[in-house]
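Colleague: Any chance you could fold what I've pasted below:
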Amino acid sequence: METKPQSETRPLFTRLPVRDVAAGLLVVGIAGWLRLGWPGVNNFGFDEAYLSRLALEFMSSGQIPTVGMPASVPVPNFPGAVWIMAVPYRISRDPLIATLFVSLANTLAVAGVFYLARASWGLLAGITAGLLAAASPPWVLHARNIWAQNLMAPLSTLWAAAAFAGFVRGQRWGLVLFGFLAGFGFQVHYSGLVLIPASLLLLGLFWPKKHFPEIVAGFALAELAALPFVVSAFCCRPEILAGVRELLGRPTTLDPESFRQWAGLIRGDDNLGGGPIPSGLTGTLVLLLVAAGLIRLAFGALKDPRPGRRFEAAIILAWALGPPAFFLAHSTPIYPNYQLMALPAAFIAAGAAVRAVPGRWPALAATAAVAVAGSQALGLAGGFDRLAAGLPVSHPFSRPLFLVREAAEAARNGRPVIVAAPGDAPEFDPDAAIFDVLLRDHPHRIVDGRSALVIPDSEVRFLFTSPDLPALQELEAAGLRQYGRTEFGRGLWPPVVVLDVEPGPPTGFTAFGPVPLTGGIDYLGYRWRQVGNRWRLTSLWRVSEPQSPEILQQFHHLRAGDENGPVVTTRDVRTSSRVWQAGDLVIVWADFEGLTGRGPFWVDTGLYQYPSIRRLDRLDMPANPQAPIRLGPFYAD
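Modeller: Residues are numbered from 1 along each chain as shown. This next block holds a predicted model:
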């Protein structure tokens, strides 16, 4: 067993020379500029919206969430990320504030990188590590999104700072925090499991007998935080245990993919391009510097006679190499963001490499690091400028937050909002989730604009997440007067359409019935028309009673030739019935492709409950209430 590091009772944070403070401010300034600048020029897709919804529900209900986001494994994440993201959402419901919260946490982590490198290996090491961390393209890009894994670099930096404070400086709070973060990291994202073996390794090498209870206390607090998830799994969520069993039953693969991903993150393969120095050259220089630093630290961990120095080297090695080593053997797909928590340690290792070279080489190595960081920073800044203008970049980007946020703000005019999106379930559908968050504190309803449109009997504002949605075509075909149309798009980003509609009855429908169904729903008419290379049957319904939360779908059974002949085509579509209200008119449509001949065609239609597949009864046919509504004849010419 290694000799434990000699504790120094002086505090972790001591007054720095002015020169060091100036260097630290430069590092933090660049890190903050790249992470906090260009507000809203960042992805805000399904993952960001899903985590935001969980945090907002936590804040509004006061009920502690027991599970977090779905994971890439068959077991959902623990709710640690939800608890953390509840902090900014407690301040504001605006996802821009939550995004800046993540960016600020990562900026502070860069400050931690500078401080730890400078405290252990001097100012040049601190400048090198800090600048490389500040301008690292993958770290910057991930620091600008609301993802659980994007919290792991700040958490791992805090874990390392706590270890330095506790093991090296003898601060008891550091040992408690070290133990807590070791057990809490995986509750934020499963990649945080790495902190457990890394912490055990440090404890095995440097056993702090005197203060071991503090570490145990911190770890126990973390396990208390895990109780809601564990209790939920055993009492109420059998799918969690089923997912665990499935995961344990999968075969394990052993390959170096995790190290390839780790090296790619350090090189900055994921970038926005445009730096004055080719990214291939800058990436190679950074990787070589990190590799040299890790080799230097390995010798220090084995040979340095000073226990404190051995500990400093050991924790950086465990921190930098732990994530890729942990995922060498895996039974699920692994992704580069699993290695994000290793980036701070890798850049500290690069700083240690600068300290190790003799003569004038440290200054030259630091100068090279400054040039690399400067080129990467300029490339990122140019990329963000292009993204803000809607121009393409090399990094895959979804529609940025600032555009959807502008559209949502424009939709807030005192009236309720009808959102038409490709899907109406925020728990599954990206655009539905995005605008459910952005309109959280404003009356709104979300409909599946691929097959349904709700027209209330009072004034509302419509928001279409894409101008290509069939719902917008159906609104125009219904002959309702539109005004105030505004499109929120830029360059390659498809626009969001916001408009107002004067209340009134839709036109262009052939009256039929009305046919009353149970639940206060009446069938009023239909429209048969050609749309592109398809034939579309559009139905008009009226809702006269409040609806239950049952999901209703509309079936369409098409027959050719003889109206009593066999069904040749079926189309079942979503109606977004969960948001229907008394007084609504509902337009629902189904498209038929590849019809043979000109007809005649007949369509049997109606509504059924999902998933029970029970049809709603017709009230006008007591002798045969399950009979469909038969429409036709129709002709494809």
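
Colleague: Show me the helices in the stretch 201-350 of the chain, by range?
Modeller: Applying DSSP state H, counting those that start in this stretch to the stretch 201-350 of the chain gives helices spanning 212-235, 238-248, 257-267, 279-303, 307-326, 343-356.

Colleague: can you tell which of the ones you listed is closest to Pro430?
Modeller: helix 238-248 (22.7 Å; Cβ to Cβ). For every residue, glycine as well, the C-beta is placed using N, CA and C.

Colleague: That closest one vs helix 212-235, what angle?
Modeller: Interaxial angle of helix 238-248 relative to helix 212-235 (axes from the mean of the first three to the mean of the last three Cα atoms, to 10 degrees): 110 degrees.

Colleague: In this model Pro633 seems to touch Trp528, though I could be wrong.
Modeller: No. Counting by Cβ atoms under 8 Å, Pro633 is not a contact partner of Trp528; they are 9.7 Å apart.

Colleague: follow-up on the earlier one: deepest-packed of the helices of the stretch 201-350 of the chain, please.
Modeller: Highest mean neighbour count of these: helix 343-356, a mean of 29 (counted as mean count of other Cβ atoms under 10 Å).

Colleague: Which elements pack onto that helix?
Modeller: When contacts are defined as 3 or more Cβ pairs under 8 Å, 6 or more residues apart in numbering; DSSP states H and E, helix 343-356 sits against helix 95-121, helix 123-134, helix 152-163, helix 257-267, helix 279-303, helix 307-326, helix 361-388.

Colleague: redo that, cut-off 10 Å
Modeller: Counting contacts by 3 or more Cβ pairs under 10 Å, 6 or more residues apart in numbering; DSSP states H and E, helix 343-356 packs against helix 95-121, helix 123-134, helix 137-142, helix 152-163, helix 257-267, helix 279-303, helix 307-326, helix 361-388.

Colleague: coming back round to it: which one of Trp528 and Pro633 has more residues nearby?
Modeller: The neighbour count for Trp528 versus Pro633, taken as other Cβ atoms under 10 Å, is higher for Trp528 (18 against 13).

Colleague: host element of the more buried one?
Modeller: For Trp528, the element it lies in under DSSP states H and E is strand 521-531.

Colleague: ok so, going back, among the helices of the stretch 201-350 of the chain, which is nearest Gly382?
Modeller: Smallest distance to Gly382 across the helices of the stretch 201-350 of the chain (Cβ to Cβ): 12.4 Å, for helix 279-303.

Colleague: Go through whichever strand or helix holds Gln473 and flag the buried ones.
Modeller: Using DSSP H and E, Gln473 maps to helix 470-477. Within helix 470-477, the residues that count as buried by 16 or more other Cβ atoms under 10 Å are Pro470, Ala471, Leu472, Gln473, Glu474, Leu475, Ala477.

Colleague: What lies in contact with it?
Modeller: Residues outside helix 470-477 that contact it (Cβ atoms under 10 Å, 6 or more residues apart in numbering): 418-422, 447-455, 462, 464-467, 469, 482, 497, 499, 501, 506-509, 527, 529, 531, 536, 538, 587-589, 591.

Colleague: picking that back up, out of the helices and strands packed on helix 343-356, which is closest to Glu214?
Modeller: helix 152-163 (10.6 Å).

Colleague: Show me what secondary structure element comes after that closest one.
Modeller: Helix 152-163 is succeeded, C-terminally, by helix 172-188 (DSSP H and E).

Colleague: pLDDT of that following helix, averaged?
Modeller: For helix 172-188, mean pLDDT is 95.

Colleague: and the angle for that helix with helix 152-163?
Modeller: For helix 172-188 against helix 152-163, the angle by the same axes, to 10 degrees is 160 degrees.

Colleague: Show me how far helix 172-188 is from its chain's centre.
Modeller: 24 Å (Cα atoms, centre = their mean, to the nearest Å).

Colleague: go on, stretch 409-427?
Modeller: Offset of stretch 409-427 from its chain centre (Cα atoms, centre = their mean): 20 Å.

Colleague: That one: which residues count as buried?
Modeller: Of the residues in stretch 409-427, 411-412, 415-426 count as buried by neighbour count, 16+ other Cβ under 10 Å.

Colleague: could those go into JSON lines alongside distance to Ser577?
Modeller: Listed next are the buried residues of stretch 409-427 as JSON lines, based on distance: Cβ to Cβ, whole Å:
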{"residue": "Ala411", "distance to Ser577": "23"}
{"residue": "Arg412", "distance to Ser577": "26"}
{"residue": "Arg415", "distance to Ser577": "22"}
{"residue": "Pro416", "distance to Ser577": "18"}
{"residue": "Val417", "distance to Ser577": "19"}
{"residue": "Ile418", "distance to Ser577": "14"}
{"residue": "Val419", "distance to Ser577": "16"}
{"residue": "Ala420", "distance to Ser577": "15"}
{"residue": "Ala421", "distance to Ser577": "16"}
{"residue": "Pro422", "distance to Ser577": "18"}
{"residue": "Gly423", "distance to Ser577": "14"}
{"residue": "Asp424", "distance to Ser577": "9"}
{"residue": "Ala425", "distance to Ser577": "12"}
{"residue": "Pro426", "distance to Ser577": "16"}
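
Colleague: which of those residues lies closest to Phe184?
Modeller: Of the buried residues of stretch 409-427, the one sitting nearest to Phe184 (Cβ to Cβ) turns out to be Pro426, at 27.9 Å.

Colleague: The closest one reaches Asp448, doesn't it?
Modeller: No. With contacts counted by Cβ atoms under 10 Å, Pro426 stays clear of Asp448, the gap being 11.9 Å.

Colleague: between those two, what contacts are shared?
Modeller: Ala432.

Colleague: OK, contacts around the residue lying closest to Arg237 once chain neighbours are set aside?
Modeller: Nearest residue to Arg237 in three dimensions, chain neighbours excluded: Val67, at 7.0 Å (Cβ to Cβ, 6 or more residues apart in numbering). Listed by Cβ under 10 Å, 6+ apart, the contact partners of Val67 are 54, 75-79, 82, 228-229, 232-233, 237, 240.
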